[in-house]
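Student: I'll drop the sequence and a predicted model, then ask my questions.
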Amino acid sequence: MLLLVCIAISCSVQASSALVVAASDSPETSKTRADYICDGVADQIEIQRALNALGTRGGTVSLTEGTFHLSGDLNIPSNVIFEGQGPDATWLEWSSGRVKCEWKENIILRDFKTTGTGSIYLLNCNHVKVHNITATVDDSLDGGAFYLYVGYSVMEDIEFVNCKAIDCGRHGWQNDGEGSPKTIRDVRYIDCEAINCGRYSRFAHYGQWTCGFVLAENADIEDIEVVRCYAEGSFESGFHFEAAPSKKRIVLRDCVSKSNGQKPDDYYNPDTRTYGCMFGAGFWLHGDVTLINCTAEGNRKCGYAVWYPSSYTNLYNCVDTGSEIGYLLDWTDNVYLENCISIDATKYGVWVMDSGQITTKGLAIVTPKGDGSANNIFGSSWYPVRESSFDIDTYGGEGTAVSCSGGQNIQFSGTVRSNAARPVTVSGSVDTSRLSVRPYSGEQPMPVTPTPTPTPSRKPDLVVTDIAWDPVDPVSGDLVTFQATVTNQGNAPTPGGVSHRVCFTVGDGTTGSSVWSDGHTTSIAPGASVTLTANAGPAGATWKAVAGTHTVTAHVDDVDRIAESDEDNNTLRKEIVVRSQPVPIRGDVNGDGSVDWADVTMVADMVQGNVAPSSAADLNEDGTVDWEDVALLFDFFFGRIPSL
């Protein structure tokens, strides 16, 4: 009997594809509905059992609210949603191990907080979404709190939305790899934050270079989009690109990088035998990278740095305020700046050395402090600038506003507003005929006009991304429970305290009443998803299955309680096939699909009172189960009569 029970449980797990795991400190209401309950010690064991029980078809493992104590890796299979109830509700606390997705695809990780050793590690994975996760991980491992690694492969379609790396002892994000190919492509970072990465602790080896977003370490990257992301307080750079990897079609839009380069000036870097920050930038750039409407503020070394040859980097409508250098271009070429501005640089507004094919258009430089003699440097005799055009407007500052020594075919245009004794000093092949000079009287440039790509008004946008039901293979007469996965694909959270209702309708309603889910009232963050189960209806919370093929429609916010950016995308339809009840076989008393000796012995047990009689055993239909019924079944079994 125990074996039969275990088999039945296994089959139901495979069929439901949705499992709940409760923490040791979860509320009793959560434990009551849980399939697995953790004991607070090595909780990865129970969670991994739930993940493994989903099988190859996959499904959802949902962690309840509470704290899970883990001491080993969690290995996420393909085709799985692994979710909590939000970073403020579900906490994964690791003494060792991490979340590992290796050579897998079609994974969603969302809605939890992870601390200790527990980084999010993706190796050679495709089609992964990481939403609404907060990581505060320690310095025990290398890589990033969110770590992408590709080896001898191509890794693609990865998405981070509303994720945070806060006070981590390693990079916030890192893209790394080895071999050939080693390409990471089609990655989206949306509304993510890296705060104080490496500031308070760092991994022992090379931790001195810890940054917020390391978008290119050793892996080649393509088609990367970084939107409204924020870096602050990193030990070195906020957003960082190493020079060696290939970088193609990278766009950062509306990103902010503040107060990075927290490394002390007397900090010794053993591998370079130097002291203090080497990068210390808001944005340390190289390659086919485009920045649009980005902001840098108060960074230790520079707001924006472009370095190394063959860069082909573009900046549009970017602003730096209060960094040591606003725009640093060093040993690079093919860089374009348009409508950018440097304000109150603590040394140089612009510093260019040993570079060529640099073009600026409408570059405004406001009151840089300078080094005592100059406040903007455009090359030196030892490290000249070549084949470049600088359209600039300068406003005050201490010392020479344009210092260009040994220039090689350089053109300046615009207006220098300066009260310095020598506002412009140039040598070499430098054309300043289109550069006007006038005294500075305190005027300011016009504010930077954003690139005309308006950000939509901030509203939630609820969509139904999946419909499921239990049982998954219903037959006529079954009571079916519907579930819908609802995602907020907008740019603002839904309001808390409001019912996020989903109504389920089958066909045109003639096969049964609608049912709905109206119990979820917690705010859904942008990019986050919840699974809602029908809990009410005119005739109860379930639908009585009717044989045939029907269309199930799930309609989220069907009564318009929530204002959305798009009110016309709230429904999803999916077909459900209901099988007819099988016609019972006369004489198959035990229901196993055949008439055999087991049925004969069962009817005999009924006659002797060992088993309660059933109407199916009354074969002669005289209203009682007796030895005549046994004799009929006996004769049929041995072929003495053709039918019952």
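Tutor: Here it is on my side, so go on.
Student: Thr183: which element?
Tutor: Per DSSP states H and E, Thr183 falls inside strand 171-190.
Student: Need the residues that contact the very next helix or strand once past that strand.
Tutor: Using DSSP H and E, the next helix or strand after strand 171-190 towards the C-terminus is strand 193-195. Contacting residues not belonging to strand 193-195 are listed as 163-168, 171-173, 211-213, 229-234, 238 [Cβ atoms under 8 Å, 6 or more residues apart in numbering]. Yep, even glycine has a C-beta here, placed from its N, CA and C like the rest.
Student: what packs against the helix or strand just after strand 193-195?
Tutor: Downstream of strand 193-195, the next assigned helix or strand under DSSP H and E is strand 213-216. Judged by 3 or more Cβ pairs under 8 Å, 6 or more residues apart in numbering; DSSP states H and E, strand 213-216 is in contact with strand 171-190, strand 220-227, strand 239-241.
Student: can I see the domain layout of the protein?
Tutor: By the assignment in automatic domain parsing, the chain contains the domains 1-90, 119-300, 323-455, 462-578, 586-644.
Student: just the ones you listed: most buried one?
Tutor: Of the domains of the chain, the one with the most neighbours on average (mean count of other Cβ atoms under 10 Å) is domain 119-300, at a mean of 22.
Student: tell me the average confidence for stretch 627-637?
Tutor: If you average the pLDDT over stretch 627-637, you get 84.
Student: How far off centre is that stretch?
Tutor: 67 Å (Cα atoms, centre = their mean, to the nearest Å).
Student: what does stretch 263-273 give?
Tutor: 34 Å.
Student: and that stretch, what's its mean pLDDT?
Tutor: Mean predicted lDDT for stretch 263-273 stands at 94.
Student: now do the same end-to-end measure for that stretch.
Tutor: End-to-end span of stretch 263-273 (Cα to Cα, to the nearest Å): 15 Å.
Student: Need the contact partners of that stretch.
Tutor: 206, 208, 235-236, 274-278, 280, 300.
Student: Recalculate using a threshold of 6 Å.
Tutor: With Cβ atoms under 6 Å, 6 or more residues apart in numbering as the test, stretch 263-273 has contacts from 208, 235, 275-277.
Student: Using JSON lines, lay out the domains of the chain together with distance to Thr313.
Tutor: Below are these laid out as JSON lines (distance: least, Cβ to Cβ, whole Å):
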{"stretch": "domain 1-90", "distance to Thr313": "35"}
{"stretch": "domain 119-300", "distance to Thr313": "5"}
{"stretch": "domain 323-455", "distance to Thr313": "5"}
{"stretch": "domain 462-578", "distance to Thr313": "28"}
{"stretch": "domain 586-644", "distance to Thr313": "71"}
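Student: which stretches of the protein have low pLDDT?
Tutor: For the chain, applying pLDDT under 70 flags the ranges 1-17, 448-457, 509-511, 583.
Student: does Thr533 have beta-bridge partners, and which?
Tutor: Gln483 (DSSP bridges).
Student: Where do the helices of the stretch 501-644 of the chain begin and end?
Tutor: Under the criterion DSSP state H, counting those that start in this stretch, helices of the stretch 501-644 of the chain are mapped to 597-607, 627-637.
Student: Asp344 is nearest to which of those helices?
Tutor: helix 597-607 (90.6 Å; Cβ to Cβ).
Student: other SSEs contacting that closest one?
Tutor: Contacts defined by 3 or more Cβ pairs under 6 Å, 6 or more residues apart in numbering; DSSP states H and E place helix 597-607 against helix 627-637.
Student: what does the helix it packs on contact?
Tutor: 587, 600, 603-604, 607, 617, 619-620, 641, 644.
Student: rewinding a little: which helices and strands sit right next to the strand holding Thr183?
Tutor: strand 144-161, strand 213-216, strand 220-227.
Student: and the angle from the last one to strand 171-190?
Tutor: Following axes from the mean of the first three to the mean of the last three Cα atoms, to 10 degrees, one obtains 70 degrees for the angle between strand 220-227 and strand 171-190.
Student: Neighbouring strands - and their directions - for strand 220-227?
Tutor: By DSSP bridges, strand 220-227 pairs with strand 171-190 (parallel), strand 247-253 (parallel).
Student: repeat for the second one
Tutor: Paired neighbours of strand 213-216 in the sheet (DSSP bridges): strand 171-190 (parallel), strand 239-241 (parallel).
Student: Output those strands as a markdown table; include the columns distance to Asn132.
Tutor: Output for those, formatted as a markdown table (distance: least, Cβ to Cβ, whole Å):
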| stretch | distance to Asn132 |
| --- | --- |
| strand 171-190 | 11 |
| strand 239-241 | 21 |
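Student: Which strand residues bridge Val187?
Tutor: In beta-bridge terms (that is, DSSP bridges), Val187 pairs with Ile158, Ile224.
Student: doesn't Ile224 make contact with it?
Tutor: Yes - using Cβ atoms under 6 Å, Val187 is in contact with Ile224, at 5.0 Å.
Student: next one: phi and psi at the nearest residue to Arg300 once chain neighbours are set aside?
Tutor: Leaving aside its chain neighbours, Arg300 sits nearest to Gly261 (2.5 Å; criterion: Cβ to Cβ, 6 or more residues apart in numbering). Main-chain torsions, Gly261, degrees, to the nearest 10: phi 90, psi 50.
Student: how about Gly261, what does it touch?
Tutor: By Cβ under 6 Å, 6+ apart, the neighbours of Gly261 are 277, 280, 299-301.
Student: Name every strand pairing with the helix or strand containing Arg110 and say which way it goes.
Tutor: Arg110 belongs to strand 105-116 when assigned by DSSP H and E. For strand 105-116, the paired strands and their directions (DSSP bridges) are strand 80-83 (parallel), strand 90-94 (parallel), strand 126-137 (parallel).
Student: Residues touching the helix or strand just after that strand, excluding its own?
Tutor: Following strand 105-116 in sequence order, the next helix or strand is strand 120-123 (DSSP H and E). Residues from elsewhere that reach strand 120-123 (Cβ under 6 Å, 6+ apart): 98-102, 128, 146-149.
Student: Turn the helices and strands packed on strand 213-216 into a markdown table, including distance to Gly512.
Tutor: Listed next are the helices and strands packed on strand 213-216 as a markdown table, based on distance: least, Cβ to Cβ, whole Å:
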| stretch | distance to Gly512 |
| --- | --- |
| strand 171-190 | 40 |
| strand 220-227 | 44 |
| strand 239-241 | 55 |
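Student: so which of those comes closest to Ser355?
Tutor: Closest approach to Ser355 among the helices and strands packed on strand 213-216 is made by strand 239-241 (16.7 Å; Cβ to Cβ).
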